[in-house]
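Trainee: test case, fold it:
(one chain, ligands or ions: 1)
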Amino acid sequence: MDSWPIGVFASVDAGLGVAWDVISDLKLPTIQLHAPHQEKRNRESAAAFRSQLDAMNVRCTAVFGGFEDESYADIPTVVRTVGLVPESTRHSRLKEMLEIADFSSWLGCDTVALHLGFIPHDPSADGYGDIVSVTQQLCDHCGQQDQFLHLETGQETAEGLIEFIQQVGRENLKINFDPANMILYGTGEPIEALMQVGQHVRSVHCKDGTWSDQPGVTWGAEVPLGQGDVGMEKYLQALKEIGYLGPLTIEREIPQDPERQRAEIAQAIELLTDLRSKILD
Ligand code: MG
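Mentor: The predicted structure is shown next:
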């Protein structure tokens, strides 16, 4: 595989990525896919998506799980609703994630990812052990089919994430690093965090954002790639430094305005292509 193939976050019927029919127009070699709704998570649909991707010459490098009643409205709502952390939905969502892992395997993809939710910062906190345990169950299911589980970054500090990975203690637990989330959630300076968690990073998002005036309390703003506080050149240099040469997956979630989404993704592809040749050649 060429170093740093560019990709985009895409959707079939669920999630906020670019629409399926846009993938081939972008002429990119890779995508990450938001898992489709439950009725499409079967062998037949997976085989159909797989042959469509093959025909487009596109490789799916990760399938992201998401859940119907999650909301990213504001930070307290994320704490309450996102991932496997909320206790009332944990069991049913674990079951869904196991199905998503199977779907991903039928699609020929060795990576499943998700926002686990707000993991308590202190390992001795109430419920921490249960979150470790549900993550182990999911990792073990993925491991049986030679898959990795990637945690989307953002809600934890670098230290919190490293501690959690150690507590889970599974070789196939890795990180999908999203530099903008660190800024949006106010959890830390992204390049510094990347250098700390580098050895665990197995996929990345290329997304940009600006800091909130109350980091950790209110959202920062997601902005087009290159216009935020991440510093894309520094980010790519840091990726090179930690030895990451896998896909650079652009994530730009403004499905309410597909035209603007496509235009901004086109600019992001141009920016990443320029930086790639500058940094790697
Ligand atoms: Mg992301």
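Trainee: which residues does the closest residue to the ion within the stretch 51-200 of the chain contact?
Mentor: Here the stretch 51-200 of the chain gets closest to the ion at one residue, Asp178, 3.6 Å apart by Cβ to the ion. Backbone N, C-alpha and C define where each C-beta goes, glycine included. Counting by Cβ atoms under 8 Å, 6 or more residues apart in numbering, Asp178 touches 152-154, 204-205, 207, 251.
Trainee: run the last query once more with 10 Å
Mentor: Shown in contact with Asp178 (Cβ atoms under 10 Å, 6 or more residues apart in numbering): 115, 152-154, 184-185, 190, 203-207, 209, 230, 249, 251.
Trainee: enumerate the residues of the stretch 151-281 of the chain near the ion.
Mentor: Contact residues (Cβ under 5 Å from the ion) of the stretch 151-281 of the chain with the ion: 178, 205, 251.
Trainee: tell me which residues in stretch 29-49 are buried?
Mentor: Going by neighbour count (16 or more other Cβ atoms under 10 Å), the buried part of stretch 29-49 is 29-36, 40-41, 45-46, 49.
Trainee: let's see which of the residues you listed end up in strands.
Mentor: Counted as lying in strands by DSSP state E, out of the buried residues of stretch 29-49, are 30-34.
Trainee: from the contacts of Asp178, which one has the minimum pLDDT?
Mentor: Looking at these by pLDDT, the weakest one is Gly154, with 88.
Trainee: residues near that one, how many?
Mentor: Gly154 has 25 neighbours, counted by other Cβ atoms under 10 Å.
Trainee: where does it sit: helix, strand or coil?
Mentor: Per DSSP: H, G, I helix; E, B strand; the rest coil, the local secondary structure of Gly154 is coil.
Trainee: residues contacting it?
Mentor: By Cβ under 10 Å, 6+ apart, Gly154 lies in contact with 78, 115, 118, 161, 176-188, 190, 205, 207.
Trainee: ok so, going back, strands - which of the contacts of Asp178 land there?
Mentor: Residues of those located in strands (DSSP E): 152, 203-206, 209, 249.
Trainee: which of those has the largest number of neighbours?
Mentor: Neighbour counts for the ones in strands among the contacts of Asp178 (other Cβ under 10 Å) peak at Cys206, which has 30 neighbours.
Trainee: that one contacts Pro224, correct?
Mentor: No: using Cβ atoms under 10 Å, Cys206 is not in contact with Pro224, being 11.1 Å away.
Trainee: mutual contacts of those two, please.
Mentor: By the contact definition Cβ under 10 Å, 6+ apart, Cys206 and Pro224 are jointly contacted by 252, 268, 271.
Trainee: circling back to that earlier point, OK, contacts around the residue found closest to the residue of the stretch 51-200 of the chain closest to the ion once you drop the neighbours it is linked to in the chain?
Mentor: Closest residue to Asp178 apart from its sequence neighbours, by Cβ to Cβ, 6 or more residues apart in numbering: His205 at 4.0 Å. Residues near His205 by Cβ under 10 Å, 6+ apart: 7, 9, 32, 113, 152-154, 176-181, 247-252.
Trainee: try 8 Å
Mentor: Going by Cβ under 8 Å, 6+ apart, His205 touches 9, 152, 176-181, 249-251.
Trainee: which of those fall within helices?
Mentor: Among the contacts of His205, the members falling in helices (DSSP state H) are 179-181.
Trainee: can you select the buried ones from those in ChimeraX?
Mentor: Per 16+ other Cβ under 10 Å, the buried members of the ones in helices among the contacts of His205 correspond to this ChimeraX selection:
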select :179,180,181
